[in-house]
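Colleague: Return a 3D structure for these sequence lines:
(2 chains)
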Amino acid sequence: MPLFGPKTKSPQELVKSLNDCLKALENAKEKESKRYVEETSKLLHTIKTQLYGTLDQEPVTEQVAALATELTQANCLHNLAKNLQYIDFEGRKDVVAIFNNVLRRQIGPRHPCMDYFVTKPEVLFILVKGYENQDIALNCGMMLRECCRFEPLAKSVITSPDFYKFFAYVEVSTFDIASDAFSTFKDLLTRHKVFVAKFLEEHYDEFFRHYQLLLNSENYVTRRQALKLLGELLLDRHNFTVMNRYISHPDNLKLMMNMLREKSKNIQFEAFHVFKIFVANPNKPKPIMDILLRNKERLVDFLTKFHTERSEDEQFNDEKSYLIKQIKELRGAEENMS
Amino acid sequence: MSLLSCACGNKETKKRRAKNISTASIGSKDGSPKTAQTEQQPQEGEEEVEEDMEQIDAAQVQPDPLQYELYAVIGKGHSNISTITLAKNTATDSLVAVKRVNLELWPGELRYLQNEMAFTQMLSHRNVLPFYCSFISGQELWAVMPLMAFGSCRDLIHAYFTSGLPELAIKLIMRDVIAAVDYLHYRWVIHRGIKASHVLISKSGRVCLSGLHNAFYTIQNGQRLRTVHDFPLHAADCVHSYSPELLEQNLAGYSFNSDVYSLGILLCELANGQAPFADLPATAMLLEKMKGTKPHLADSTTVSEFVIDEDAEYPPAEGMEDQPTSSQERADAIFFKRTFAPQLHDLAAACLERDPHHRPTAGQLLHHPVFKSIKNCASSVLPSQLQPVTPLTDQSNIPKDLTMDDDDFSRKMSEVSMLEDWVF
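Modeller: Numbers count the residues shown, from 1 in each chain, chains lettered A, B, ... in the order given. Next up, the predicted model:
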């Protein structure tokens, strides 16, 4: 055993080496890249261990702070995200752990790393694009969801044209990637409610034109999850204006009525929760009223037999009885005249 | 009863990712990289399939239900909601296992299944069962994974080894499972579901740990948890393998060494043919564990303890009482006749320490003396130890599953009739 072991690298040196490695990796030819992959992996492991400690060793607070500052300021997190596909399997997981740790770091009320990303939002779009590469999709998803916890970063994503890419990502045939993309999509739309309500009002047509495709998807899970999220969005009081607009369109009502009759019990049930808003609306526009009137008998009959096995679910049964009562009492203009 | 019945929840990691790790295994603390290499080349059947899949995965194995011909159901999982079906991938002409979950019948949140998939995708170790791809077919989630031709250890016990597996097999299996657990712990994951039905064996003797649906990642919100208080959501079928501190659910919480306790329970299950306390009601099992009752491996050195135990409040730990006397006697006779190596008893005792801090870590267990005797023994020896049970290698005499086509047809029919009803 040597008396004086090799000097451990300072945070600055570590981050510098990592940045150099990433740069080399990006430009490396096939042959030399292996060396850099290994080197990167080693550095990532060292950094992760310093940030999180090991099973029997706590991290050193000063070291962690210095490392986090350096990783942010030297643009290293950005470089990591950009070159994620060149990093090996275990290394990528270390990147996620490092990224999420640094992003969460707080100095008083400030989040230095978040503040940095606000000025350099490119990293967000690198992560969004990550969903297109199945080797790194899940890693990118984990980092992106962490970013979306912060309203300024979530705003950047939602208001960018890239946001509409999610409508394609949630439908990819690979289940684990599609469902991860859906989690992120859902987080984006439900976490910062005031902002999202404003966004949906301003971009109503474009958003729901895209959303319609999800509701009509061939993919059972996409359809089911999109319908459930739609119910959650419309019933959230922040989205009152959006809801009012949604339930004024007869096409939306038709879609929900058809979905009430889908083979899948789960889809029927989710559709019920959107359908009920149309019926409960005290100011139904004429086209909506007309459809309900034309199907009055059928609807009463249908709802009476609808999901009778849910006898335990009191709220559901109350809502169902309420709907049946409402529909029975519907009176149209023609009826009043005759 | 089918050889492969009752495998519970076969889970996976990704094969194509294995490629990455084999080129650069930095940071992966694979217990036996040398064995891995020497073994993967000469194997036939199962291993060959994997090699194939590895090379052509991106190009040919598509997440497309039409690429799979389904044969018989070879196992069940998730309290029977999912089925494991033998299938042939027509693009590669190779046998695979497809786990199918009918999402319409799935009681909980879909999120739980998604987490499980994501978890397995993020792991890559030769002793953790990978999966090739997952996709939606109709109302079902399909996860395609390598065919583990010997089924789970639970199946083996069920099919033939009712009084436990041979000692060499136990050692080989434990070594590989511990390697997998060590990998998980090193990656800061607690498995929380180690039991015989989650330990699967391939045709060539490769042992894979599956059942990651209760796994817990101890890094949350960018911080590492020192102790965990989360109780697994779907734990009903795993409680018997849980450690006392996990079951207690008190403020002290639990940590990685909870898995080590489960390894001890697994060892008993493999050796005795039944998990300790398996026949006790959950509350009684909990009391026994909290009291610090240490389960044993049943052999000539310990079987007398079981006899004495008979007057105790609860039936003896190994719980052979409820079985008919004849098989009880038979089991006793087997227990009396055999003697496990003292190191194997020692391994069980070390894992099953009541105080979690007294248990060795998974990494330390890998160097336990019991594994010295099998140091040069590759897993390919395992199949010979499992005779007369034979692996499932040929689908030719297994009936094809035609229910999918029927389902599809009836679904289309019902959709046609449904859309006509409203008047718009």
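
Colleague: you'd agree residue B:299 is up against residue B:335?
Modeller: Yes. Taking Cβ atoms under 8 Å as the definition, residue B:299 is a contact partner of residue B:335 at 5.9 Å. For glycine as for every other residue, the C-beta is placed from the backbone atoms N, C-alpha and C.

Colleague: More neighbours: which of the two?
Modeller: Neighbour count, other Cβ atoms under 10 Å in any protein chain shown: between residue B:299 and residue B:335, residue B:335 has more, with 25 against 21.

Colleague: Burial check on the nearest residue to residue B:337 once chain neighbours are set aside, number of neighbours?
Modeller: Leaving out its chain neighbours, the residue that sits closest to residue B:337 by Cβ to Cβ, 6 or more residues apart in numbering or on different chains is residue B:300, at 6.9 Å. Other residues lying near residue B:300 total 12 when counted by other Cβ under 10 Å.

Colleague: my guess is residue B:300 contacts residue B:332, does it?
Modeller: No. Counting by Cβ under 8 Å, residue B:300 sits too far from residue B:332 to count as a contact (10.7 Å).

Colleague: Angles on the backbone of the residue nearest to residue B:337, please.
Modeller: Phi and psi for residue B:300, reported as degrees, to the nearest 10, are phi -60, psi -30.

Colleague: mind listing what it touches?
Modeller: Going by Cβ atoms under 8 Å, 6 or more residues apart in numbering or on different chains, residue B:300 touches B:335-339.

Colleague: Same question for residue A:279.
Modeller: Residue A:279 neighbours (Cβ under 8 Å, 6+ apart): A:292, A:323, A:326-327.

Colleague: Give me the subset of those residues lying in helices.
Modeller: Judged by DSSP state H, helices contain the following of those: A:292, A:323, A:326-327.

Colleague: got the contacts of residue A:279 as a markdown table, with distance to chain B, neighbour count and pLDDT columns?
Modeller: Shown next, in a markdown table, are these (distance: Cβ to the nearest Cβ, whole Å; neighbours: other Cβ atoms under 10 Å in any protein chain shown; pLDDT from 0 to 100):
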| residue | distance to chain B | neighbour count | pLDDT |
| --- | --- | --- | --- |
| A:292 | 10 | 20 | 93 |
| A:323 | 15 | 20 | 94 |
| A:326 | 17 | 16 | 93 |
| A:327 | 13 | 19 | 93 |
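
Colleague: Can I get the residues you listed in a markdown table including distance to residue A:142?
Modeller: Output for the contacts of residue A:279, formatted as a markdown table (distance: Cβ to Cβ, whole Å):
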| residue | distance to residue A:142 |
| --- | --- |
| A:292 | 45 |
| A:323 | 41 |
| A:326 | 45 |
| A:327 | 46 |
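
Colleague: Out of the residues you listed, which is nearest to residue B:229?
Modeller: Nearest to residue B:229 among the contacts of residue A:279, counting by Cβ to Cβ, is residue A:323 at 42.1 Å.

Colleague: neighbours around residue 231, how many?
Modeller: Going with chain A. Number of residues near residue A:231 (other Cβ under 10 Å) recorded here: 20.

Colleague: nope, chain B please
Modeller: Using other Cβ under 10 Å, residue B:231 has 13 neighbouring residues.

Colleague: nearest residue to it other than its sequence neighbours?
Modeller: Using Cβ to Cβ, 6+ apart and skipping the chain neighbours, the partner closest in space to residue B:231 is residue B:249 (5.8 Å).

Colleague: who's in contact with residue 113?
Modeller: Defaulting to chain A. Residue A:113 touches A:68, A:72, A:77, A:102-103, A:105, counting by Cβ under 8 Å, 6+ apart.

Colleague: ah, no, chain B please
Modeller: Residue B:113 neighbours (Cβ under 8 Å, 6+ apart): B:101, B:103, B:106, B:141, B:213.

Colleague: And residue A:124, how far from chain B?
Modeller: Going from residue A:124 to chain B by Cβ to the nearest Cβ, to the nearest Å gives 17 Å.

Colleague: before we move on, what about residue A:160?
Modeller: Taken as Cβ to the nearest Cβ, the span from residue A:160 to chain B is 25 Å.

Colleague: count of residues packed around that residue?
Modeller: Based on other Cβ under 10 Å, the number of other residues close to residue A:160 is 14.

Colleague: Spatially nearest residue to residue 141 (excluding sequence neighbours)?
Modeller: Assuming you mean chain A. residue A:180 (4.2 Å).

Colleague: Chain B, not that one
Modeller: Looking at residue B:141 with Cβ to Cβ, 6+ apart, the closest residue is residue B:101, at 4.5 Å.

Colleague: next one: residue A:120
Modeller: Residue A:120 sits nearest to residue A:78 (Cβ to Cβ, 6+ apart), 6.6 Å away.

Colleague: same question for the lengthiest helix in chain A, mean pLDDT?
Modeller: Determined from DSSP H, the single longest helix within chain A is helix A:30-52. Helix A:30-52 carries an average pLDDT of 89.

Colleague: still on that earlier bit, now the contacts of residue B:113 as CSV including neighbour count?
Modeller: Below are these laid out as CSV (neighbours: other Cβ atoms under 10 Å in any protein chain shown):
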residue, neighbour count
B:101, 22
B:103, 19
B:106, 18
B:141, 25
B:213, 25
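
Colleague: Mind checking which of those land in strands?
Modeller: With DSSP state E as the criterion, strands contain B:101, B:141 from among the contacts of residue B:113.

Colleague: By pLDDT, give me the weakest of the contacts of residue B:113.
Modeller: Among the contacts of residue B:113, residue B:106 has the lowest pLDDT, at 81.

Colleague: so how many other residues sit close to the closest residue to that one other than its chain neighbours?
Modeller: Spatial nearest neighbour of residue B:106, chain neighbours left out: residue B:81 (6.0 Å); criterion: Cβ to Cβ, 6+ apart. Residues lying near residue B:81 (other Cβ under 10 Å) number 16.
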